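*Asks:* What shape does this take:
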Amino acid sequence: MSETWPLLPSIIGLAASIVLLGVAGTRLAKTADELADRTGLGEAVAGALFLGAVTSLPGILTTVTGALGGDAEFALANPIGGVAIQTVWLAIADLVYRRANLEHAAASLDNLLQALILVGLLALPIVAYATPDLAIGWFHPATLLIPVFYAYGLRLLRQMREAPMWSPRMTRDTRTDDGEDRSTTSTRRLWTTLAVLAVIVGVTGWVIGQSGLGLIAATGWPSAVTGFTITTAISSLPELITLLAAVRLGALTLGVGGIIGGNVFDTLMIAVADLFYLEGTIYASVGPASLVLLGGTILITAVLAAGLVVRDRRGVGFEGVALPTLYLATVGGALWAS
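*Replies:* Just a heads-up that it's a prediction; the model follows:
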């Protein structure tokens, strides 16, 4: 394992990351909203592609840093924790958007299908955990299946968007994407802005990864729990900032799509963690705490999917209470299993 940062630089690195991600996240939401209208992709798909991919960059770098550093539980807990905490961000956004339940107002079949795809993607690491001796070189075959399943999910999304067989019921609280391009900024400048923001959040992700490993080494905290909570919460700040900014802009489907699309994208980081962990398959090197984190995150995603179907009209629906409760229960279960 490479030398870790001391405690004080680690704390400073995490604090600086919070500031940088907060500034970048606000700008990112506006840029993604303008690109959604300019490209004609729609808010749900643009949220998944632009917000989901760019805001996941800190988590990617954090995961790679942990895997190369030889800490399997930290590397695996980061993408799983990203999915969990980013889903909890929706409960916070529900408190900000007081007119109606956010999952009700941002009715979208794209988001519902992405949530179901996410459940399937999260199931693959559990199969890998149960078969740790299967390996192709140093990684597990499930690592190859994750991007294949992801690509097939994107194909289903495109197919459903082109020829939808279902449609959500529109109510007075439903907010739809009108697709009208009101931006006066040139397309080239929008793409340049997106690229610059991607670099900023990417570098910040590397800092978070180094700081997280330093924090674990200095405090002795469990790697899985630290990765699932502290570093993940900080690396997921772009998702929270862009979600709240999108809600204020009235781009509700963009905000929710950015969270769910980012979660789907984050499952690719499970495969990345296994590929960059060079001491054998990562699933053979983690303990039961990682399995608790996976199971809890699947439950959290299932509750979100139920919320998208039920579409409770209250400002904070049943999922607004269930999501943070399940998150805390998952952390407690992982601590007990560590």
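*Asks:* Tell me the predicted confidence for the most centrally placed residue in the chain.
*Replies:* In the chain, the residue lying closest to the centroid (Cα atoms, centre = their mean) is N263, at 3.4 Å. Looking at N263, its pLDDT stands at 90.
*Asks:* In space, what's closest to it - neighbours in sequence excluded?
*Replies:* Excluding its sequence neighbours, the residue lying closest to N263 (Cβ to Cβ, 6 or more residues apart in numbering) is V83, at 4.4 Å. Bear in mind the C-beta positions are built from the backbone N, C-alpha and C, glycine included.
*Asks:* residues contacting the one you found?
*Replies:* By Cβ atoms under 8 Å, 6 or more residues apart in numbering, the contact list for V83 reads L118, L122, N263, D266, T267, T297, I300, T301.
*Asks:* need the residues you listed in a markdown table with distance to I60, can you?
*Replies:* Output for the contacts of V83, formatted as a markdown table (distance: Cβ to Cβ, whole Å):
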| residue | distance to I60 |
| --- | --- |
| L118 | 17 |
| L122 | 17 |
| N263 | 14 |
| D266 | 9 |
| T267 | 12 |
| T297 | 18 |
| I300 | 21 |
| T301 | 20 |
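*Asks:* Now do the residue nearest to the centre of the chain against L122, distance only.
*Replies:* To L122, N263 is 9 Å away according to Cβ to Cβ, to the nearest Å.
*Asks:* hey, what's in contact with both of the two?
*Replies:* Jointly contacting N263 and L122 under the rule Cβ under 8 Å, 6+ apart are V83, T301.
*Asks:* For the host helix or strand of the residue nearest to N263, what does the pLDDT average out to?
*Replies:* Following DSSP states H and E, one finds V83 within helix 72-96. For helix 72-96, mean pLDDT is 90.
*Asks:* So which elements touch the helix or strand that that helix is followed by?
*Replies:* Counting by DSSP H and E, the next helix or strand C-terminal to helix 72-96 is helix 102-105. In terms of contacts (3 or more Cβ pairs under 8 Å, 6 or more residues apart in numbering; DSSP states H and E), helix 102-105 is packed against helix 72-96, helix 252-266, helix 288-310.
*Asks:* what's the most buried one of these?
*Replies:* Neighbour counts (mean count of other Cβ atoms under 10 Å) averaged over each of the helices and strands packed on helix 102-105 peak at helix 252-266, with a mean of 30.
*Asks:* Show me the contact partners of the helix or strand that that one is followed by.
*Replies:* Sequence-wise, the next helix or strand downstream of helix 252-266 (DSSP H and E) is helix 268-276. Helix 268-276 has contacts (Cβ under 8 Å, 6+ apart) with 56, 59-60, 63-64, 66-68, 72, 75-76, 78-80, 82, 124-125, 128, 139-140, 143-144, 146-147, 150, 281-283.
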